[in-house]
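Q: no sequence on this one, just coordinates:
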């Protein structure tokens with residue numbers, strides 16, 4: 001097979017229904033307007049005309065993201081190259097790229113594929129990437145040298161908890177989310193090198209997004225909630241906290257938190273350790289249109305609190321703060337969240 005796809009095949013790949021594709025990979029599209037959808041797991045995403053998507057988020061580089069079905073697969077579904085994404089989209093439509101008569105296999109009378117006519121598929125099979133045999137040298141080097149983590153923390157996740165390993169094929173980090181019985185239900189990958197100037201991240205296809213990476217301690221009644229896996233590791237490195245329960249959401253929706261509390265009823269207190277950016281603050285404190293996580297779970301009877309990075313030093317998340325503490329380097333500028341915290345505290349006292 002040629003390394004390149006014809007313009008005709010690329011155009012055909014972009015006829016794939018985005019909502020059906022999202023459902024196949026375990027997401028839950030939600031209709032929010034005329035030909036407009038969002039994802040329950042990522043409510044900042046908008047899908048237009050079932051073919052293109054857009055997301056505004058200040059997390060990371062503070063820029064918009066979006067594009068075609070190809071970009072969606074690479075951003076949310078663990079596909080690591082444009083070539084593989086196009087092939088995946090064609091196969092999703094039932095098209096074999098080796099078949100020169102691929103138009104006829106789809107419809108004998110029409111050459112143009114109508115994505116809506118494809119019958120919905122079952123979710124992708126959940127298969128974990130093969131682990132790198134021996135030691136995870138690249139994973140350790142990336143986490144310790146680039147992300148500033150201690151070897152003690154990396155060992156704890158790899159050897160003690162067994163929820164982190166290095167993928168054999170691409171040397172990605174693979175984080176594992178287990179249920180209350182220790183069965184892996186969720187897995188997400190994080191690249192150890194730049195790809196086209198961007199850091200690669202993506203969930204393993206077929207996972208259950210009601211679960212997240214978690215650490216359980218039945219002797220503690222406190223749960224600390226994070227946005228990202230490396231932020232959790234950084235927090236433990238900074239605070240030396242090996243006692244509390246911990247959970248990584250991995251998205252703006254709180255599905256993993258709902259499931260964790262259901263599975264672990266001993267939790268009485270929830271501390272949200274999310275990012276110091278607009279998305280993190282909105283998730284924790286809410287606004288006039290959306291109830292924040294603090295209020296939502298306080299209304300359910302839990303004690304709630306926040307633990308975010310210190311103000312005034314330009315750090316967005318716990319890993320940036322860890323690097324800052326070790327190097328003294330100002331990572332970047334973020335807007336202060338003090339007003340959100342003060343306003344929420346004032347409302348609590350006035351009840």
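A: Looks like it came in fine. Please read these numbers as outputs of a predicted model, since none were measured by experiment.

Q: the longest strand in this structure is where?
A: Scanning the chain for the strand with the most residues, using DSSP state E, yields strand 184-195.

Q: and the helices in the chain?
A: 7-13, 18-24, 69-76, 82-92, 102-106, 137-141, 151-155, 229-239, 255-263, 278-285, 293-298, 318-327, 338-349 (DSSP state H).

Q: in the first one, what's buried?
A: In other words, helix 7-13. 9-10, 12-13 (16 or more other C-beta atoms under 10 Å). Backbone N, C-alpha and C define where each C-beta goes, glycine included.

Q: which residue, other than its chain neighbours, is closest to residue 162?
A: Spatial nearest neighbour of residue 162, chain neighbours left out: residue 176 (7.6 Å); criterion: C-beta to C-beta, 6 or more residues apart in numbering.

Q: sorry, wrong one. I was asking about residue 237.
A: residue 153 is the one closest to residue 237 (C-beta to C-beta, 6+ apart), at 4.9 Å.

Q: residue 173 now?
A: Once flanking residues are discounted, residue 173 sits nearest to residue 190: 4.3 Å by C-beta to C-beta, 6+ apart.

Q: just to revisit the earlier point, hmm, the residue nearest to residue 162 is touching residue 187, no?
A: Yes: assessed by C-beta atoms under 8 Å, residue 176 is found in contact with residue 187 at 5.4 Å.

Q: quick one: common contacting residues for these two?
A: Residues touching both residue 176 and residue 187 (C-beta atoms under 8 Å, 6 or more residues apart in numbering) are residue 128.

Q: between those two, who's got more neighbours?
A: residue 187 (25 against 21; other C-beta atoms under 10 Å).

Q: centre-most residue in the protein?
A: residue 250 (3.8 Å; C-alpha atoms, centre = their mean).

Q: tell me the predicted confidence for that residue.
A: If you check residue 250, the pLDDT there is 85.

Q: which one is it nearest to, not counting chain neighbours?
A: residue 212 (5.4 Å).

Q: what's the neighbour count on the one you found?
A: 28.

Q: for it, phi and psi?
A: Per-residue torsions, residue 212: phi -140, psi 170 (degrees, to the nearest 10).

Q: my guess is it contacts residue 186, does it?
A: Yes: shown here, residue 212 and residue 186 form a contact pair, counting by C-beta under 8 Å, at 6.2 Å.

Q: quickly list what's touching both of the two.
A: 177, 250, 256.

Q: next up, the contacts around the second one.
A: To tie it back to what came earlier, the one meant is residue 250. Counted by C-beta under 8 Å, 6+ apart, residue 250 has contacts 186, 188, 203, 209, 212-213, 227-229, 256.

Q: same question for the last one.
A: If a contact means C-beta under 8 Å, 6+ apart, then residue 256 has 177, 186, 209-212, 214, 247-250 as its contacts.

Q: closest to residue 325 out of these?
A: Comparing those against residue 325 with C-beta to C-beta places residue 248 closest, at 21.2 Å.

Q: how about low-confidence regions in the stretch 201-350 of the chain?
A: Residue ranges of the stretch 201-350 of the chain with pLDDT under 70: 252, 329-350.

Q: and with 50 instead?
A: 331-340, 342-350 (pLDDT under 50).

Q: tell me the domain boundaries of the protein?
A: By the assignment in automatic domain parsing, the chain contains the domains 7-107, 137-349.

Q: and residue 138, how far is that from residue 186?
A: According to C-beta to C-beta, to the nearest Å, residue 138 and residue 186 sit 23 Å apart.

Q: how many residues are close by residue 128?
A: Residues near residue 128, counting by other C-beta under 10 Å: 14.

Q: actually residue 91, not the one I typed
A: Neighbour tally, residue 91, other C-beta under 10 Å: 12.

Q: what pLDDT is listed against it?
A: Turning to residue 91, the model gives it a pLDDT of 78.

Q: hang on, the earlier thing: contacting residues for the residue nearest to residue 173?
A: Going by C-beta under 8 Å, 6+ apart, residue 190 touches 172-173, 175, 199-201, 229-230.

Q: okay, those in CSV with distance to residue 284 and neighbour count next?
A: Shown next, in CSV, are the contacts of residue 190 (distance: C-beta to C-beta, whole Å; neighbours: other C-beta atoms under 10 Å):
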residue, distance to residue 284, neighbour count
172, 29, 27
173, 26, 25
175, 23, 25
199, 24, 12
200, 27, 21
201, 22, 19
229, 19, 22
230, 19, 22
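
Q: between these, which sits nearest residue 25?
A: residue 201 (14.2 Å).

Q: isn't the closest one up against residue 188?
A: Yes: using C-beta under 8 Å, residue 201 makes contact with residue 188 at a distance of 7.2 Å.

Q: any idea how far residue 246 is from residue 209?
A: 18 Å.

Q: should've said residue 312
A: Counting by C-beta to C-beta, the separation of residue 312 from residue 246 is 26 Å.
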